[in-house]
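> Turn this into a structure:
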Amino acid sequence: MHVVVTGKNIDVTAALKSYAEEKVRKVEKYLHNVSEAVVMLSCEKYRHIAEVSIKVNGVLIQGKESTEEMYSSIDKVMDKIERQVRKYKEKLSNHKFKGEKRPEPVGEASEAATEEETPKIIKTKRFDIKPMTAEEAVMQMDLQDKNFFVFLSAKDQQVNVIYRRDDGNVGLIETIY
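Residues are numbered from 1 along each chain as shown. Below you'll find the predicted structure:
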């Protein structure tokens, strides 16, 4: 596994880098085909933030945690990643999951914009998309703890969106162009 440790507003010491790499490599006991792991360490005032992204067979597993100390931020985010990895492995082995709707409570409620200004794009993310079924997209959305997920449909090669509804079910937006 290729592990990249970078820092933003912080000097990444050799000890900090080796600690982060050691923690990330523990994921290999659950997943044997991890292609890449990226660890981003940043510091904002008194908050030390650790973000981890791991690519496994086209699936992206992410986590972000912040505390007042960088080592504990790394520990917390890796605990979160390990829970997501175990959840991912369980879903892969669970044959009952195919085609079933999973009623789950809604994660975080979306906040309405209170400003009268036109919204500004403040962050842009780019990611590789691979063809997948709607069920795989739901699993990916759950792994990332997001309320929506954009994917390429395996059946018709169209861009689709899976989203979490307020009633706990999942919706699918199919695009036609």
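> Can you tell me which helices and strands the longest helix anywhere in the chain packs against?
As assigned by DSSP state H, the longest helix anywhere in the chain is helix 70-93. The contact analysis (3 or more C-beta pairs under 8 Å, 6 or more residues apart in numbering; DSSP states H and E) places helix 70-93 against helix 14-25, strand 34-44, strand 47-56, strand 59-67, helix 134-143. Any C-beta I mention is one placed from the backbone N, CA and C, and that applies to glycine too.
> Pull the contacting residues for K125.
Residues near K125 by C-beta atoms under 8 Å, 6 or more residues apart in numbering: none.
> quick one: pLDDT of it?
What the model reports as pLDDT for K125 is 80.
> Over to K130?
82.
> Ok, V106 next?
pLDDT for V106: 39.
> Kindly report the same for the one 3 residues further on.
As summarised for this prediction, A109 has a pLDDT of 38.
> how about JSON lines for the helices and strands packed on helix 70-93, with mean neighbour count, distance to R164 and mean pLDDT added?
What follows is these, written out as JSON lines (neighbours: other C-beta atoms under 10 Å; distance: least, C-beta to C-beta, whole Å; pLDDT from 0 to 100):
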{"stretch": "helix 14-25", "mean neighbour count": "16", "distance to R164": "28", "mean pLDDT": "91"}
{"stretch": "strand 34-44", "mean neighbour count": "17", "distance to R164": "26", "mean pLDDT": "88"}
{"stretch": "strand 47-56", "mean neighbour count": "20", "distance to R164": "21", "mean pLDDT": "90"}
{"stretch": "strand 59-67", "mean neighbour count": "18", "distance to R164": "17", "mean pLDDT": "88"}
{"stretch": "helix 134-143", "mean neighbour count": "20", "distance to R164": "7", "mean pLDDT": "87"}
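> Dump these into CSV; add distance to K89 as well.
Formatted as CSV, these follow (distance: least, C-beta to C-beta, whole Å):
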stretch, distance to K89
helix 14-25, 17
strand 34-44, 13
strand 47-56, 10
strand 59-67, 11
helix 134-143, 11
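> now for these, which one comes closest to V4?
V4 lies closest to strand 34-44 among these, at 4.9 Å (C-beta to C-beta).
> Parallel or antiparallel, which strands does the closest one pair with?
Note on strand 34-44: by DSSP bridges, its sheet partners are strand 2-8 (parallel), strand 47-56 (antiparallel).
> Not counting it itself, show me its contacts.
1-10, 12, 16, 20-21, 24, 27-28, 48-56, 70, 73-74.
> Can you give the domain ranges for the protein?
What the record gives for the chain is the domain set 2-94, 127-177, from automatic domain parsing.
> quick one on the thing from earlier: turn the strands paired with strand 34-44 into JSON lines, including distance to K120.
Listed next are those as JSON lines, based on distance: least, C-beta to C-beta, whole Å:
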{"stretch": "strand 2-8", "distance to K120": "21"}
{"stretch": "strand 47-56", "distance to K120": "22"}
